[in-house]
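S.K.: Build me a model:
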Amino acid sequence: MSGGFFEIQRIKQPRSNSLLYRVIILATIAICFRVAAADAAPFPRQRIVFPFVPAAAVDGPSALRFNPAGLAFDPGFGANYYHTFSDSSLSGDDAAYLSLHGGGFGVEWLGAGGSPKGRAYSVGMSTNQEQAFAIGGSYQWRRSDDPTQNKSHFWSYGLTWRPTKTFSLAVVLDNYNRMPVSRVRTDREYVYSAAVNLLDGRLMVGGDWYQTSSQNLWAGTYRLGASFEIHSGLTAFADIDRNKDFFIGGRVNLANVFAGTHSSFRHNGRYQGGVAYVGLNETRRKPVVRMPREVVQLRLSGEIPDRRPPRHLFGASPLTTYEWTALLDKAASDPSIGAVILTIDSPKLGWARLEEMRRAIARVRQTGKLTLAYLGGPVSNGEYYLA
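M.R.: Okay, here's the model as predicted:
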């Protein structure tokens, strides 16, 4: 399927699945509010600097770092590579992160600037059977020249709620296992996050509140950020923390490929360094340069469920009716697509859902784009009606 992409829609689930899912959500929240001993402290974890994304808004490979629940919101393949640099040298730490079908894997190569050399390996999984909710977990294991860091490991859990395309909330629990330092267990770390998308998604505003399990909620710290698409495919970023240190950056998209940089400054304006990154995504993004118009070929065949079946690590689940209509709407609105060729090969659809699909195809034709439908299998009244 060429040019495949879709946005996740909220789909109503049977009551039994819905109840079970809510029980899991409540259990996750209960875990998050378990309190550690008052004399604990956070684990002094060595980490690569990442461009900030609110935990409620993150998806794709970087979700493995900020909130594993976000892996479910971009199920296509994604690969990101990061390289840090300081104010005096281009040498720095490196990281590579991958995601696919709600799973993620990452490696960080640490040890720049005289810090102990080491590696961190992360894996994660996420599911969002109810569409608006996603729950995820990740595990990280570290190898380091620093005895404290060496063989340390961490479990993290995340919960994201996106009731609409404009608003999202998230809770993340990091270091759930309270990795010990000198036989003393360290704090669990909590992140409470919110984000809103405005101006048809061109403007995102959000922030994270950070608290450890031995802190009072209001003793925590925060980071606020915003991104704005100043031109098609060109996005500017800015964020600030409680110490008034600030960060600015930008990203350029070329459809499925992007590149960007994010720089850090002290509150007095002193430059501290930054991170440069490149990425590849199956999900198409608005390009900064108009590419040759493409022809999208889609095949509508076999079982098309009304709701998404459980996600599997290996192999993609079939698209639902809602996801097919969203896919066609994307094809209608994407300026880089000039034509849609649809092969109709005995899809298993009732008349009501055939009507939904027919209206979605009509919306593509109304844009003036060439839209062709071919009958590729046994033909019935439903296939004729859809074509």
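S.K.: just the strands in the stretch 151-300 of the chain please.
M.R.: For the stretch 151-300 of the chain, the strands defined by DSSP state E, counting those that start in this stretch occupy 153-161, 167-174, 180-181, 184-185, 189-198, 203-212, 221-231, 234-241, 246-254, 257-265, 271-281, 294-303.
S.K.: correct me, but residue 158 touches residue 176?
M.R.: No - here residue 158 does not reach residue 176: they are 10.9 Å apart, not a contact under Cβ atoms under 8 Å. Placement of C-beta: from N, CA and C, glycine included.
S.K.: who's more crowded, these two?
M.R.: Using other Cβ atoms under 10 Å as the criterion, residue 158 and residue 176 rank with residue 158 on top: 31 against 17.
S.K.: Could you report the distance from that one to residue 106?
M.R.: Residue 158 sits 15 Å away from residue 106, going by Cβ to Cβ, to the nearest Å.
S.K.: ditto for residue 330
M.R.: From residue 330 across to residue 106, the span is 28 Å (Cβ to Cβ).
S.K.: Next: residue 272.
M.R.: Relative to residue 106, residue 272 is positioned 24 Å away (Cβ to Cβ).
S.K.: Could you do residue 51 as well?
M.R.: Per Cβ to Cβ, residue 51 is found 15 Å from residue 106.
S.K.: Check residue 193 too.
M.R.: For residue 193, the distance to residue 106 equals 20 Å [Cβ to Cβ].
S.K.: And residue 70, by the same measure?
M.R.: Using Cβ to Cβ, we find residue 70 at a distance of 13 Å from residue 106.
S.K.: do residue 366 as well
M.R.: Distance from residue 366 to residue 106, by Cβ to Cβ: 43 Å.
S.K.: Of those two, which one has the most company?
M.R.: Higher neighbour count among residue 366 and residue 106: residue 106, with 23 against 10, using other Cβ under 10 Å.
S.K.: Across the sheet, point out what pairs with that one.
M.R.: Residues in a beta bridge with residue 106, per DSSP bridges, are residue 97, residue 122.
S.K.: who's in contact with it?
M.R.: Residues in contact with residue 106 (Cβ atoms under 8 Å, 6 or more residues apart in numbering) are 61, 64-65, 95-98, 120-123.
S.K.: Give me the buried subset of these.
M.R.: The neighbour-count test (16 or more other Cβ atoms under 10 Å) marks 61, 64-65, 95, 97-98, 120, 122 as buried among those.
S.K.: Adding mean pLDDT and distance to residue 144, write the strands of the stretch 151-300 of the chain out as CSV.
M.R.: Shown next, in CSV, are the strands of the stretch 151-300 of the chain (pLDDT from 0 to 100; distance: least, Cβ to Cβ, whole Å):
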stretch, mean pLDDT, distance to residue 144
strand 153-161, 95, 12
strand 167-174, 96, 18
strand 180-181, 92, 13
strand 184-185, 92, 19
strand 189-198, 96, 19
strand 203-212, 95, 22
strand 221-231, 94, 26
strand 234-241, 95, 26
strand 246-254, 93, 26
strand 257-265, 93, 23
strand 271-281, 92, 20
strand 294-303, 78, 46
